[in-house]
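In: what follows is a protein structure lacking sequence information:
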């Protein structure tokens, strides 16, 4: 099959689609995982409401992870082999965590009252394990899979940073979906997690340019330095502005409850843009670029046809689910 797009553009397009899928996963399943971890801070009806707030969305949100990893496999098979070989253990543990979370979500709603706390603990544990593994993988990827002791420490800190980030966006989700005292407590959780998330973003932002002269020059060479200033300035402005917003009493009509969630999504997107800019065009820092890792142009052309059909379906379903179940969360019942 003759490629219907220039061969040199196909890897760029698939890198963009893969990046978009991963970003949407981090934002959408991020609030699911965050709510799962925050659920241990509540009991009884409030905990049930927290879990119910993600009920219509959590399984569909995971679809973006499947799509992102699937695109890595079929479009960049060489990179897929190298990355998954380096991350075999954290990927396996992440899958265990995601499976445990999914099973616990269903069983906690149907288990006898005496066993419900065990499934709640499993729901929390699965969410925490998956988040820690994803953060560790992020740290390992940023460092180019360095195996030194210092690199392992950095990866562990990155794991804790992503946990804070997911708890932050999870708390913002609860501000949007909850009411009353639970909403007020969620605002306090969001404020605390915000500063931890900001610290983690700052550490990664400082560490990434130090990885190589190429990345350092991309950020600090003129005129690129001036052109890129809006990214850290916008991030700092959003962080400070949201911290001030979270300390203000909620409006009686709750009209601005969506603001923290929107700001959290923008912060994650800005961080993702920064990482993407630092590494492009490499899939593995300074070792393997997207053209070296890409499948043949003929194969990419066929895959692109399938992606053109699949991506709008997933996006449309996600938008429809969030529209149908808009508004405040209600108790989830199977009976």
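Out: Noted; the coordinates are in hand. Just so it is clear, the model here is predicted, and its values are computed rather than measured. Numbers count the residues shown, from 1 in each chain.
In: ok, residue 37 to residue 328 distance?
Out: Counting by CB to CB, to the nearest Å, the separation of residue 37 from residue 328 is 21 Å. For the C-beta atoms, the positions are set from N, CA and C on the backbone; glycine is no exception.
In: out of the two, name the residue with the larger neighbour count.
Out: The neighbour comparison of residue 37 against residue 328 (other CB atoms under 10 Å) goes to residue 37, with 23 against 14.
In: which stretches in the stretch 1-150 of the chain count as helices?
Out: 10-38, 44-54, 58-61, 63-75, 77-86, 88-108, 113-142, 149-177 (DSSP state H, counting those that start in this stretch).
In: next one: residue 233 from residue 239, what distance?
Out: Taken as CB to CB, the span from residue 233 to residue 239 is 11 Å.
In: ah, wrong one, I meant residue 48
Out: In terms of CB to CB, residue 48 sits 32 Å off from residue 239.
In: shouldn't residue 175 be in contact with residue 256?
Out: No. Applying CB atoms under 8 Å, one finds residue 175 not in contact with residue 256, separated by 9.5 Å.
In: please say which of residue 233 and residue 239 ends up with more neighbours.
Out: More crowded of residue 233 and residue 239, by other CB under 10 Å: residue 239, with 18 against 10.
In: for that one, which non-adjacent residue is closest in space?
Out: residue 198 (5.0 Å; CB to CB, 6 or more residues apart in numbering).
In: buried ones in the helix or strand hosting that neighbour?
Out: Using DSSP states H and E, residue 198 maps to helix 180-207. The neighbour-count check on helix 180-207 (16 or more other CB atoms under 10 Å) flags 182-183, 185-187, 189-191, 193-194, 196-198, 200-201, 204-205 as buried.
In: repeat that for stretch 242-261.
Out: 242, 246, 250, 257, 259, 260, 261.
In: make sure the first one is indeed in a strand.
Out: This means residue 242. No. Using DSSP: H, G, I helix; E, B strand; the rest coil, the assignment for residue 242 is helix, not a strand.
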